[in-house]
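# This is the structure alone, sequence omitted:
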């Protein structure tokens with residue numbers, strides 16, 4: 001159960017877990033701010049763990065919590081396990097920027113048909129995020145009283161229909 005944060009409603013939301021992704025190299029301060037918001041709301045953050053970056057500015061971010069003997073591929077695969085086991089994924093995208101690795105992770109989350117929410121419509125990814133999934137961590141934790149839903153599950157546009165077809169492996173003949 002939650003730790004007592006919220007409006008005092010008798011029916012409490014069950015514990016939620018969230019994975020936070022984004023450009024850790026460029027925007028780790030904003031990622032940590034979202035991490036704090038989710039933790040303050042009683043949510044479990046599966047990724048990142050909130051530990052400091054070992055060496056700022058390197059091409060692939062490594063954290064103090066990463067095993068030093070792991071190569072970048074193992075670190076990324078472990079991160080994907082943490083991301084996909086969460087109830088939902090939250091993307092920190094200041095001014096719409098997500099970056100290469102985050103684009104890859106977003107693709108994996110969507111293909112796995114897992115719920116994804118984002119702070120701002122991405123500008124470096126050709127993906128239309130429904131308005132219902134563009135939200136701050138504070139608003140999301142206050143609003144999400146039911147099960148989170150995958151991006152295109154309830155949107156009724158032609159684009160959303162085509163995205164749902166990709167997810168289930170039915171490919172259009174265009």
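Sure, I can see it. Keep in mind it's a predicted model, so treat the numbers as computed, not measured.

# any idea how far residue 118 is from residue 109?
As judged by CB to CB, to the nearest Å, residue 118 and residue 109 stand 11 Å apart. Yep, even glycine has a C-beta here, placed from its N, CA and C like the rest.

# now do residue 78
16 Å.

# Please say which of the two ends up with more neighbours.
Neighbour totals were compared for residue 78 and residue 109, and residue 109 leads with 23 against 14 (other CB atoms under 10 Å).

# Surely the more buried one and residue 86 touch.
No - taking contacts as CB atoms under 8 Å, residue 109 lies outside contact range of residue 86: 9.4 Å.

# Mutual contacts of these two, please.
Residues touching both residue 109 and residue 86 (CB atoms under 8 Å, 6 or more residues apart in numbering): none.

# now what about whichever helix in the chain runs longest, what contacts it?
The helix spanning the most residues in the chain, taking DSSP state H as the definition, is helix 24-40. Applying CB under 8 Å, 6+ apart, the contact partners of helix 24-40 are 5, 18, 20, 22, 45, 48, 50, 53, 56-59, 61, 90, 92, 94, 97, 99, 119, 136-138, 141.

# One more: stretch 73-93?
16-23, 27, 30-31, 34, 38, 46-48, 60, 62, 66, 70, 98, 101-102, 105-106, 108-109, 112, 114-122, 137, 140, 148.

# buried set for it?
Using 16 or more other CB atoms under 10 Å as the test for burial, stretch 73-93 gives 75, 79-80, 82-84, 86-93.

# again, but for stretch 141-154
Neighbour-count burial for stretch 141-154, counted by 16+ other CB under 10 Å, picks out 141, 144, 148-152.

# Neighbours of the closest residue to residue 171 other than its chain neighbours, how many?
In this structure, residue 171 finds its nearest non-sequential neighbour in residue 165, 6.9 Å apart by CB to CB, 6 or more residues apart in numbering. Using other CB under 10 Å, residue 165 is surrounded by 13 other residues.

# May I ask you to confirm that residue 165 belongs to a helix?
Yes - residue state for residue 165 (DSSP: H, G, I helix; E, B strand; the rest coil) corresponds to a helix.

# does it really touch residue 159, like I thought?
No - look at residue 165 against residue 159 with CB under 8 Å: they stay out of range, at 10.8 Å.

# ranges for the helices of this structure?
Under DSSP H, the chain gives helices at 24-40, 72-85, 100-111, 137-143, 158-168.
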